[in-house]
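Trainee: sequence and predicted structure below; questions after.
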Amino acid sequence: MSTLVKTTWAIDPTHSEVEFKIKHLVISTVKGIFKEFTGSIDVEGDDFTTAEFQFEANVDSIFTNQADRDGHLKSADFFDVANYPKITFKSTDISKKSDDNYTITGDLTVRDVTKTVHLNAEFGGIATDPYGNVKAGFEITGAINRKEFGLTFHAVTEAGNIVLGEDIKLNINVQFAKQA
């Protein structure tokens, strides 16, 4: 009886991005990224349904291309980076939906709130880069309700329009490097 070897894959931050989008005034979408993040997958053999996925974003690295907005997002009105500097995710289950599509279920922690979320993952494949490093690519998408995670800031315009939507769309493109 053979025992499968557990392999660790680490996020390659230079070939990965963590993006979020939210409706502003209900008429347009504003996007942002986290510039600093880490993550890994531990896999038995080559079967990604056995994966244990861990991810951590540095909230202070949030970037929306507008310094005042970034500062507001870091404040107690939103992420409260002084008290909650990290956003974390740890998978609890990964199921294969089709050849290259998976559902990743796990615990997402924002501020001091942890909720189970379901994310869609499209497996892009495995390739070896010009330096001999083995890489695996995934596009991970999903949506969360910001208010469920304590991001309850609410404002309305003079005309009564909502300033921010509740749903945050996630689009995470990650490349993992197989560790020796």
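Mentor: Received the coordinates, thanks. Numbering: from 1, shown residues only.
Trainee: where in this protein is pLDDT low?
Mentor: For the chain, residues meeting the criterion pLDDT under 70 lie at 1-3, 153-163.
Trainee: what ranges do the strands span in it?
Mentor: 6-11, 17-24, 28-34, 37-44, 47-58, 62-63, 86-98, 101-110, 113-128, 134-145, 164-178 (DSSP state E).
Trainee: in the fifth one, which residues are buried?
Mentor: Which is strand 47-58. Neighbour counts over strand 47-58 (16 or more other C-beta atoms under 10 Å) mark 48, 51-57 as buried. Glycine gets a C-beta too; all of them are placed from N, C-alpha and C.
Trainee: try the first one
Mentor: Of the residues in strand 6-11, those with enough neighbours to count as buried (16+ other C-beta under 10 Å) are 7, 9, 11.
Trainee: show me what contacts the last one?
Mentor: The one in question is Ile11. 37-40, 55, 174-177 (C-beta atoms under 8 Å, 6 or more residues apart in numbering).
Trainee: skip the chain neighbours and tell me the closest residue to it.
Mentor: Of all residues not flanking Ile11 in the chain, Gly39 sits nearest, at 4.2 Å (C-beta to C-beta, 6 or more residues apart in numbering).
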